[in-house]
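# Please find the sequence and the predicted model below.
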Amino acid sequence: MQVTTVTPTAARDLIRAAVRGELTEEEARCLARFGPEVAAFTFLAISQRIAELESRDGNAQPSPSTPSGMVPVYTKPNAAKRRKKLGAKPGHEGVRRVRPAKVDQRKTHRLKSCPDCGQALQRCRRARTRTIEDIPEVIEPVVTEHTIHRDYCATCKKHVEPVVPDAMPKATLGHRLIALTGWFHYGLGLTIDQIVEVLDHHLQTKLTSGGLVDAWRRLAEVIEAWYEQIGEEARSSAHLHADETGWRVNGVTHWLWCFTNDRNCYYMIERSRGSPALQEFFTDEFEGVLITDFWSAYESVCAEDRQYCLVHLLRELEKVDERNDSPEWRAFAKKLRRLLRDGIRLRKRPDFSPETHRGRVDRLNKRLAELADAEHVDGDTRRLTKRLRRYAEYLFTFLDYDHVPFENNFAERQIRPAVILRKSSQSNRSGQGAATQAILMSVYRTLKLRGLDPTKTVTEALRTYVTTGKLPPLPA
């Protein structure tokens, strides 16, 4: 672009060329003759363009308070190397697999000659045993043909026939197969194609993806009462962990919520990530202790008490340390980190109890209040101080209850299987699939938390349902 005269139109064309990255040296010198105001406007336009490109490429640095799920994986730093040496400490008692109680077959092995020189061997009485467990080379399904006799009842004036308890009405697949494949997908995170391949090549059972999905849908409809019972028990529990992660339903952004404790795990897939989803789950006031991260939506839950995750707060201190080296921030972070760790160490004492250590708990709360009331100039320090003022009442709740932890790690571990399944199966393609996902994941994960065999428990429940028409209560 040749520029001979300095006009507003020419200046506009030069600024656009600079934003596109096509400005030559001659054009840059011509643009400089417009004065400092035009130069400042040009620099501002270029800066905005760079920021736009970085945000589009995912290279923009996220805020320390940005949730981990909203940060692209490729922008996250590599995990730190493990410092602790692997394995048990020296002198620790060894651990090995338990010897099987039942031996199905026995084999004897003896050499006829020496494997090195080929000479005959002198027979001795020395021998040892070795136990090996394996699965048969060919595992074939059991196909049963049921002959169902239909007889006439003169009293009822109709034909009657017995109920076949081994499968759902009009189904050709047994309860155990449906329960096992459901556990593979919703409990272990295998994809549908992987399950079909395992059944086809290893278990000699021919199935289609559509047939499996339809069978799981019918299974979810039957055990939905267990799903509702899990939600009721979770809402009435003494403490409850909560967490959420991104989800997709037919390509639309949704959120998968997880409400869990040591006996229940309830998943819910909703369009909202805010208070509407929480109010749908907590239909009444929650009277226990709700353990969460610092996501503000949880404040809409009228819980009697709350515990915010201290690990999230300590992790944020580490993130700010990487980019803020001001003396004010270092002093503040040191005091806050020491305060939180003092509370954690107090809780980990073998003789700790809220009653006997009430004085120390009160001193920790006093130190926290003093730290939150201080005024600061540094931006990060003021932001964290504001958070302390807002949540100070709920940072040391774990020192008032024996069963409440200081972190939300349990919820993150329970939501991890869903995250793995999301990466491999790309969430759900319909609302019906999302409902099936929430029901079966909740039931299978709850049964596992209660120490039950999910496949066996679901199979027995389906047999009872087909025989009696009623689903048995959720096993305790």
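Happy to help now that I have it.
# Confidence-wise, which helix or strand of this structure is lowest on average?
Comparing every helix and strand of the chain by mean pLDDT, DSSP states H and E singles out helix 36-57 as the least confident one, with a mean of 74.
# Could you export it as CSV, CA atoms only?
Extracted in CSV, the C-alpha atoms of helix 36-57 (Å, rounded to 0.1, in the frame of the first residue of the first chain):
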residue,chain,number,x,y,z
PRO,A,36,1.2,10.5,19.6
GLU,A,37,-2.6,10.2,19.8
VAL,A,38,-2.9,8.1,16.6
ALA,A,39,0.2,6.1,17.7
ALA,A,40,-1.5,5.4,21.1
PHE,A,41,-4.7,4.3,19.4
THR,A,42,-2.7,2.0,17.1
PHE,A,43,-0.9,0.4,20.0
LEU,A,44,-4.2,-0.2,21.8
ALA,A,45,-5.8,-1.8,18.7
ILE,A,46,-2.8,-4.1,18.3
SER,A,47,-2.9,-5.0,22.0
GLN,A,48,-6.6,-5.9,21.8
ARG,A,49,-6.0,-8.0,18.7
ILE,A,50,-3.2,-10.0,20.5
ALA,A,51,-5.4,-10.6,23.5
GLU,A,52,-8.2,-11.9,21.3
LEU,A,53,-5.9,-14.3,19.5
GLU,A,54,-4.4,-15.6,22.7
SER,A,55,-7.8,-16.2,24.3
ARG,A,56,-8.9,-18.0,21.1
ASP,A,57,-5.8,-20.2,21.1
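# So which bits of it are buried?
Taking 16 or more other C-beta atoms under 10 Å as the basis for neighbour counts, the residues of helix 36-57 that come out buried are 38, 42. For the C-beta atoms, the positions are set from N, CA and C on the backbone; glycine is no exception.
# Over to stretch 423-439?
425, 427-428, 433-439.
# what does stretch 250-258 give?
In terms of neighbour count (16+ other C-beta under 10 Å), stretch 250-258 has its buried residues at 254-258.
# Could you single out the nearest of those residues to residue 145?
For the buried residues of stretch 250-258, the closest approach to residue 145 (C-beta to C-beta) belongs to residue 256, at 42.6 Å.
# What is the subsequent helix or strand relative to the one helix or strand the closest one maps to?
With elements delineated by DSSP states H and E, residue 256 resides in strand 252-260, which encompasses its position. Toward the C-terminus, strand 252-260 is succeeded by strand 265-270 as the next helix or strand (DSSP H and E).
# Can you tell me which of the buried residues of stretch 423-439 end up in strands?
Taking DSSP state E, every one of these sits outside strands.
# Give me the subset of those residues lying in helices.
With DSSP state H as the criterion, helices contain 425, 433-439 from among those.
# So in the chain, which strand runs the longest?
Once the chain is assigned using DSSP E, the strand that runs over the most residues is strand 239-249.
# for that strand, which positions count as buried?
239-245, 247-249.
# Dump those to JSON lines, plus distance to residue 73.
As requested, the buried residues of strand 239-249 are arranged in JSON lines below (distance: C-beta to C-beta, whole Å):
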{"residue": "239", "distance to residue 73": "32"}
{"residue": "240", "distance to residue 73": "29"}
{"residue": "241", "distance to residue 73": "24"}
{"residue": "242", "distance to residue 73": "24"}
{"residue": "243", "distance to residue 73": "18"}
{"residue": "244", "distance to residue 73": "18"}
{"residue": "245", "distance to residue 73": "13"}
{"residue": "247", "distance to residue 73": "17"}
{"residue": "248", "distance to residue 73": "16"}
{"residue": "249", "distance to residue 73": "22"}
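# related to what we said a few turns ago, identify, from the ones in helices among the buried residues of stretch 423-439, the entry nearest to residue 408.
Each of those was checked against residue 408 using C-beta to C-beta; the closest is residue 438, at 20.4 Å.
# Need the nearest residue in space to that closest one, chain neighbours excluded.
Leaving aside its sequence neighbours, residue 438 sits nearest to residue 267 (C-beta to C-beta, 6 or more residues apart in numbering; 4.7 Å).
# From residue 161, how far out is the one you found?
Computed as C-beta to C-beta, to the nearest Å, the residue 267 to residue 161 distance reads 39 Å.
# Settle it for me: which of those two has more neighbours?
Neighbours per residue (other C-beta atoms under 10 Å) separate residue 267 from residue 161, with residue 267 holding more: 28 against 9.
# ok, the closest residue to residue 404 other than its chain neighbours - how many residues close by?
Among residues not flanking residue 404 along the chain, residue 398 sits closest, at 4.6 Å (C-beta to C-beta, 6+ apart). Residue neighbour count, defined by other C-beta under 10 Å, stands at 24 for residue 398.
# Surely residue 398 touches residue 406?
Yes - checked against C-beta atoms under 8 Å, the pair residue 398 and residue 406 is within contact range at 4.4 Å.
# Common neighbours of the two, please.
Both residue 398 and residue 406 are contacted by 307, 343, 347, under the criterion C-beta atoms under 8 Å, 6 or more residues apart in numbering.
# just those residues now: which is nearest residue 378?
Minimum distance to residue 378 across the shared contacts of residue 398 and residue 406 is 24.2 Å, recorded for residue 343 (C-beta to C-beta).
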